[in-house]
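[1] next comes the sequence, and after it the predicted model I'd like to discuss.
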Amino acid sequence: MYIKSVYKQVNENKSAKEYRKELKEISDINLRRNSKFNVMAVLSVLKTLKNIEYSKSLSIYLASEYGCVEDLLKVLNQINCDYPMVMPFDFLNINTNNTGFLISQALTTYGNNINITSKDLSFEKAFELAYFDFKIEKVDEVLLGGVDESLEYINEHNSFISNLDNFVSKDGSSWLYINNDKNNALARIKHFEFFTNLEDLNNFLKTIDYKIVGLNQFARKYVNKLEVNNNLIYKSEDNFYGTYSVSDIIDILKKEEESSIYISLDNNQRAYLFYFENIK
(Lines give C-alpha, C1' and ligand atoms only; values in the text may rest on other atoms or scores of the structure.)
Protein backbone atom coordinates (compact mmCIF):
# COMPACT_ATOMS: atom_id res chain seq x y z
CA MET A 1 0.00 0.00 0.00
CA TYR A 2 1.40 3.36 -1.05
CA ILE A 3 0.27 6.84 -0.08
CA LYS A 4 0.16 8.83 -3.32
CA SER A 5 -1.44 12.11 -2.27
CA VAL A 6 -2.40 13.88 0.97
CA TYR A 7 -4.32 17.00 1.86
CA LYS A 8 -4.78 18.61 5.25
CA GLN A 9 -7.28 21.35 6.06
CA VAL A 10 -7.48 22.53 9.67
CA ASN A 11 -9.09 25.89 10.46
CA GLU A 12 -10.49 27.87 13.30
CA ASN A 13 -14.28 27.60 13.30
CA LYS A 14 -15.55 28.89 9.92
CA SER A 15 -19.04 29.19 8.50
CA ALA A 16 -20.50 26.91 5.85
CA LYS A 17 -20.79 29.99 3.64
CA GLU A 18 -17.01 30.48 3.71
CA TYR A 19 -16.40 26.87 2.69
CA ARG A 20 -19.00 27.10 -0.09
CA LYS A 21 -17.24 30.16 -1.47
CA GLU A 22 -13.94 28.28 -1.53
CA LEU A 23 -15.58 25.25 -3.16
CA LYS A 24 -17.16 27.42 -5.85
CA GLU A 25 -13.68 28.56 -6.89
CA ILE A 26 -12.63 25.01 -7.86
CA SER A 27 -15.86 23.21 -8.79
CA ASP A 28 -19.31 23.79 -10.21
CA ILE A 29 -20.95 21.22 -7.88
CA ASN A 30 -23.92 22.80 -6.11
CA LEU A 31 -23.94 22.24 -2.33
CA ARG A 32 -25.87 25.41 -1.51
CA ARG A 33 -28.30 23.68 0.85
CA ASN A 34 -25.96 21.04 2.22
CA SER A 35 -24.36 20.97 5.65
CA LYS A 36 -21.05 22.58 6.52
CA PHE A 37 -19.75 19.05 7.16
CA ASN A 38 -20.58 17.96 3.60
CA VAL A 39 -19.03 21.05 2.03
CA MET A 40 -15.84 20.64 4.07
CA ALA A 41 -15.53 17.00 3.00
CA VAL A 42 -16.13 17.56 -0.72
CA LEU A 43 -13.84 20.59 -0.83
CA SER A 44 -10.92 18.70 0.73
CA VAL A 45 -11.45 15.59 -1.39
CA LEU A 46 -11.29 17.61 -4.60
CA LYS A 47 -8.04 19.19 -3.42
CA THR A 48 -6.59 15.81 -2.42
CA LEU A 49 -7.21 14.36 -5.87
CA LYS A 50 -6.22 17.41 -7.89
CA ASN A 51 -4.01 16.21 -10.77
CA ILE A 52 -4.49 12.56 -9.66
CA GLU A 53 -5.68 9.94 -12.15
CA TYR A 54 -7.98 7.80 -10.03
CA SER A 55 -10.27 5.03 -11.24
CA LYS A 56 -14.05 5.20 -11.20
CA SER A 57 -14.09 2.21 -8.82
CA LEU A 58 -12.31 4.23 -6.11
CA SER A 59 -13.51 3.25 -2.61
CA ILE A 60 -14.14 5.95 0.00
CA TYR A 61 -13.67 5.52 3.75
CA LEU A 62 -14.85 8.52 5.77
CA ALA A 63 -14.20 8.76 9.52
CA SER A 64 -15.88 11.23 11.86
CA GLU A 65 -16.21 11.53 15.63
CA TYR A 66 -19.17 13.92 15.70
CA GLY A 67 -20.71 14.02 12.23
CA CYS A 68 -22.93 16.95 11.19
CA VAL A 69 -23.03 18.64 14.59
CA GLU A 70 -24.04 22.12 13.44
CA ASP A 71 -27.11 20.88 11.58
CA LEU A 72 -28.00 18.43 14.34
CA LEU A 73 -28.17 21.32 16.80
CA LYS A 74 -30.31 23.28 14.37
CA VAL A 75 -32.80 20.39 14.15
CA LEU A 76 -32.88 19.91 17.93
CA ASN A 77 -33.64 23.61 18.37
CA GLN A 78 -36.46 23.33 15.84
CA ILE A 79 -37.91 20.35 17.71
CA ASN A 80 -37.70 22.06 21.08
CA CYS A 81 -39.32 25.35 20.09
CA ASP A 82 -42.98 26.19 20.78
CA TYR A 83 -44.07 25.29 17.24
CA PRO A 84 -41.79 22.39 16.21
CA MET A 85 -41.41 22.07 12.45
CA VAL A 86 -38.25 20.43 11.13
CA MET A 87 -37.24 21.72 7.73
CA PRO A 88 -36.63 18.92 5.17
CA PHE A 89 -33.09 19.87 4.18
CA ASP A 90 -32.10 20.38 7.81
CA PHE A 91 -33.33 16.86 8.57
CA LEU A 92 -31.42 15.39 5.61
CA ASN A 93 -28.27 17.24 6.61
CA ILE A 94 -27.96 15.45 9.96
CA ASN A 95 -27.36 12.15 8.13
CA THR A 96 -23.59 11.75 7.76
CA ASN A 97 -24.13 8.87 5.33
CA ASN A 98 -25.10 11.48 2.74
CA THR A 99 -21.51 12.70 2.69
CA GLY A 100 -20.10 9.64 0.97
CA PHE A 101 -22.72 9.92 -1.74
CA LEU A 102 -21.87 13.58 -2.32
CA ILE A 103 -18.15 12.80 -2.52
CA SER A 104 -18.84 10.06 -5.05
CA GLN A 105 -21.04 12.43 -7.02
CA ALA A 106 -18.31 15.08 -7.05
CA LEU A 107 -15.72 12.52 -8.21
CA THR A 108 -18.13 10.56 -10.46
CA THR A 109 -17.06 7.29 -8.84
CA TYR A 110 -19.07 4.16 -8.04
CA GLY A 111 -16.84 2.28 -5.56
CA ASN A 112 -17.61 1.37 -1.96
CA ASN A 113 -18.75 4.19 0.32
CA ILE A 114 -18.24 3.63 4.05
CA ASN A 115 -18.67 6.02 7.00
CA ILE A 116 -17.17 5.05 10.36
CA THR A 117 -17.34 6.49 13.85
CA SER A 118 -15.75 4.95 16.94
CA LYS A 119 -15.08 6.87 20.16
CA ASP A 120 -11.65 8.56 20.06
CA LEU A 121 -10.28 6.26 17.33
CA SER A 122 -12.63 6.82 14.40
CA PHE A 123 -9.87 7.40 11.83
CA GLU A 124 -7.90 4.42 13.12
CA LYS A 125 -10.93 2.15 12.73
CA ALA A 126 -11.55 3.43 9.20
CA PHE A 127 -7.89 2.86 8.34
CA GLU A 128 -8.10 -0.65 9.80
CA LEU A 129 -11.03 -1.53 7.56
CA ALA A 130 -9.34 -0.12 4.45
CA TYR A 131 -6.11 -1.94 5.33
CA PHE A 132 -7.99 -5.22 5.74
CA ASP A 133 -9.83 -4.70 2.43
CA PHE A 134 -6.45 -4.19 0.73
CA LYS A 135 -5.06 -7.36 2.32
CA ILE A 136 -7.89 -9.52 1.04
CA GLU A 137 -7.69 -7.75 -2.34
CA LYS A 138 -11.23 -6.44 -2.09
CA VAL A 139 -9.95 -2.99 -3.09
CA ASP A 140 -6.78 -1.66 -4.71
CA GLU A 141 -7.42 2.08 -4.48
CA VAL A 142 -8.92 4.07 -1.63
CA LEU A 143 -9.61 7.59 -0.45
CA LEU A 144 -9.41 7.71 3.33
CA GLY A 145 -10.13 10.75 5.49
CA GLY A 146 -11.27 12.24 8.76
CA VAL A 147 -13.77 15.12 8.89
CA ASP A 148 -15.14 16.97 11.91
CA GLU A 149 -16.60 20.38 12.59
CA SER A 150 -15.35 22.67 15.36
CA LEU A 151 -17.29 22.44 18.61
CA GLU A 152 -16.27 25.87 19.85
CA TYR A 153 -19.83 27.22 19.55
CA ILE A 154 -21.15 24.47 21.88
CA ASN A 155 -21.16 25.38 25.57
CA GLU A 156 -18.97 23.13 27.74
CA HIS A 157 -18.15 20.84 24.82
CA ASN A 158 -15.06 19.51 26.58
CA SER A 159 -17.32 17.86 29.16
CA PHE A 160 -18.40 15.22 26.63
CA ILE A 161 -15.34 14.78 24.37
CA SER A 162 -11.75 13.74 25.00
CA ASN A 163 -9.62 16.87 24.91
CA LEU A 164 -6.83 16.04 27.33
CA ASP A 165 -4.68 19.04 26.37
CA ASN A 166 -7.59 21.49 26.38
CA PHE A 167 -6.89 22.55 22.79
CA VAL A 168 -9.19 24.79 20.79
CA SER A 169 -11.62 22.61 18.82
CA LYS A 170 -11.16 23.28 15.10
CA ASP A 171 -12.70 22.44 11.75
CA GLY A 172 -10.76 19.61 10.16
CA SER A 173 -10.93 17.66 6.91
CA SER A 174 -7.78 15.74 5.97
CA TRP A 175 -7.35 12.91 3.48
CA LEU A 176 -5.01 10.21 2.15
CA TYR A 177 -5.18 8.73 -1.35
CA ILE A 178 -3.74 5.19 -1.35
CA ASN A 179 -3.14 2.56 -4.02
CA ASN A 180 -0.68 -0.24 -4.85
CA ASP A 181 1.49 1.71 -7.29
CA LYS A 182 4.95 2.63 -5.99
CA ASN A 183 5.64 5.17 -8.75
CA ASN A 184 5.65 8.75 -7.43
CA ALA A 185 4.44 7.58 -4.01
CA LEU A 186 5.02 9.68 -0.90
CA ALA A 187 5.36 6.73 1.45
CA ARG A 188 4.78 3.02 1.81
CA ILE A 189 2.54 1.68 4.58
CA LYS A 190 4.91 -0.98 5.86
CA HIS A 191 2.90 -2.13 8.89
CA PHE A 192 -0.37 -1.42 10.61
CA GLU A 193 -0.90 -3.27 13.88
CA PHE A 194 -3.38 -3.41 16.75
CA PHE A 195 -2.29 -4.25 20.30
CA THR A 196 -4.54 -4.99 23.25
CA ASN A 197 -1.89 -3.98 25.78
CA LEU A 198 1.25 -1.84 26.02
CA GLU A 199 3.54 -4.79 26.73
CA ASP A 200 2.89 -6.27 23.30
CA LEU A 201 3.26 -2.84 21.70
CA ASN A 202 6.60 -2.23 23.41
CA ASN A 203 7.88 -5.65 22.37
CA PHE A 204 7.00 -4.87 18.76
CA LEU A 205 8.66 -1.45 18.95
CA LYS A 206 11.94 -3.20 19.80
CA THR A 207 11.85 -4.99 16.43
CA ILE A 208 11.51 -1.97 14.14
CA ASP A 209 13.62 1.02 13.22
CA TYR A 210 12.14 4.52 12.91
CA LYS A 211 13.41 8.09 12.82
CA ILE A 212 10.37 9.96 14.10
CA VAL A 213 7.32 9.04 16.18
CA GLY A 214 3.97 10.78 16.46
CA LEU A 215 1.58 10.28 19.37
CA ASN A 216 -2.13 10.88 19.75
CA GLN A 217 -3.41 12.53 22.94
CA PHE A 218 -3.70 9.28 24.92
CA ALA A 219 -0.25 8.14 23.81
CA ARG A 220 1.09 11.47 25.09
CA LYS A 221 -0.75 10.87 28.37
CA TYR A 222 0.86 7.44 28.82
CA VAL A 223 4.19 8.25 27.15
CA ASN A 224 6.15 7.14 30.22
CA LYS A 225 4.83 3.63 29.65
CA LEU A 226 5.94 3.58 26.01
CA GLU A 227 9.41 2.35 25.14
CA VAL A 228 10.15 5.03 22.57
CA ASN A 229 13.08 7.38 22.24
CA ASN A 230 11.82 10.71 23.61
CA ASN A 231 14.24 12.54 21.32
CA LEU A 232 12.35 11.17 18.31
CA ILE A 233 8.88 12.29 19.42
CA TYR A 234 7.37 14.76 16.98
CA LYS A 235 5.84 17.81 18.60
CA SER A 236 2.47 17.90 16.89
CA GLU A 237 0.93 21.08 15.58
CA ASP A 238 -2.33 22.18 17.15
CA ASN A 239 -4.49 20.13 14.79
CA PHE A 240 -7.15 19.30 17.34
CA TYR A 241 -10.49 18.16 15.94
CA GLY A 242 -12.44 14.91 16.19
CA THR A 243 -10.28 12.89 13.80
CA TYR A 244 -7.04 14.86 14.17
CA SER A 245 -4.75 11.81 13.93
CA VAL A 246 -4.91 11.86 10.11
CA SER A 247 -3.66 15.46 10.03
CA ASP A 248 -0.89 14.56 12.51
CA ILE A 249 0.14 11.68 10.25
CA ILE A 250 0.25 14.00 7.24
CA ASP A 251 2.52 16.38 9.17
CA ILE A 252 4.89 13.51 9.99
CA LEU A 253 4.96 12.24 6.41
CA LYS A 254 5.89 15.71 5.21
CA LYS A 255 9.04 15.56 7.36
CA GLU A 256 10.27 12.98 4.79
CA GLU A 257 12.19 10.89 7.30
CA GLU A 258 13.45 7.48 6.19
CA SER A 259 10.86 5.78 8.39
CA SER A 260 8.20 7.01 10.80
CA ILE A 261 5.58 5.66 13.16
CA TYR A 262 2.38 6.99 14.68
CA ILE A 263 0.94 5.53 17.87
CA SER A 264 -2.73 5.91 18.76
CA LEU A 265 -3.92 4.75 22.16
CA ASP A 266 -7.39 4.79 23.65
CA ASN A 267 -8.15 5.45 27.30
CA ASN A 268 -7.86 1.71 28.03
CA GLN A 269 -4.29 1.69 26.66
CA ARG A 270 -5.13 -0.40 23.61
CA ALA A 271 -3.00 0.70 20.70
CA TYR A 272 -2.81 1.13 16.95
CA LEU A 273 0.61 1.45 15.34
CA PHE A 274 1.17 2.97 11.88
CA TYR A 275 4.60 2.33 10.35
CA PHE A 276 5.58 4.29 7.25
CA GLU A 277 8.60 4.00 4.97
CA ASN A 278 9.65 7.00 2.89
CA ILE A 279 9.88 6.45 -0.87
CA LYS A 280 12.99 8.09 -2.31
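    That came through fine. Numbering: from 1, shown residues only.

[2] where are the low-confidence patches of the protein?
    72, 75-95 (pLDDT under 70).

[3] quick one: the helices in it?
    16-24, 36-48, 69-79, 88-92, 97-107, 122-135, 198-205, 217-221, 245-253 (DSSP state H).

[4] show me what contacts the closest residue to Leu232 other than its chain neighbours?
    For Leu232, ignoring the flanking residues on the chain, the nearest one in space by C-beta to C-beta, 6 or more residues apart in numbering is Val213 at 5.1 Å. In short, each C-beta sits where N, CA and C put it, glycine included. Taking C-beta atoms under 8 Å, 6 or more residues apart in numbering, we find Val213 in contact with 228-229, 232-234, 260-263.

[5] please apply the same query to Ser169.
    Counted by C-beta under 8 Å, 6+ apart, Ser169 has contacts 13, 150-152, 157, 161, 163, 240-241.

[6] now for the residue nearest to it when sequence neighbours are not counted, how many residues are close by?
    Spatial nearest neighbour of Ser169, excluding adjacent residues (C-beta to C-beta, 6+ apart): Leu151 at 4.2 Å. For Leu151, the count of nearby residues is 24 (other C-beta atoms under 10 Å).

[7] and the gap between Leu151 and Phe240?
    Separation of Leu151 from Phe240 (C-beta to C-beta, to the nearest Å) stands at 10 Å.

[8] of the contacts of Ser169, which is the most crowded?
    Tyr241 (26 neighbours).

[9] so Phe127 is in contact with Phe192, correct?
    Yes: contact criterion C-beta atoms under 8 Å: Phe127 and Phe192 qualify, at 6.8 Å.

[10] how about the residue nearest the centre of the chain, what does it touch?
    With distances taken as C-alpha atoms, centre = their mean, the chain has Gly146 as the residue nearest its mean C-alpha position (2.0 Å). Residues near Gly146 by C-beta under 8 Å, 6+ apart: 62-64, 122-123, 126, 172-174, 241-247.

[11] among the residues you listed, find me the one that's closest to Glu25.
    The shortest approach to Glu25 among these belongs to Ser173, at 16.2 Å (C-beta to C-beta).

[12] ok, the closest one touching Val147?
    Yes: with contact defined as C-beta under 8 Å, Ser173 and Val147 form a contacting pair (4.5 Å).

[13] surely Leu176 touches Gly145?
    Yes: with contact defined as C-beta under 8 Å, Leu176 counts as touching Gly145 (6.9 Å).

[14] re earlier: what sits closest to the residue nearest to the centre of the chain if chain neighbours are left out?
    In space, Gly146 is closest to Thr243, 2.7 Å off (C-beta to C-beta, 6+ apart).

[15] does the one you found touch Gly67 like I think?
    No: in this structure, Thr243 is not within contact of Gly67 by C-beta under 8 Å, at 11.0 Å.

[16] looking at these two, which is more packed in?
    Thr243 (27 against 22).

[17] next one: the residue nearest to Leu232 from Ser264, what distance?
    For Val213, the distance to Ser264 - C-beta to C-beta - is 12 Å.
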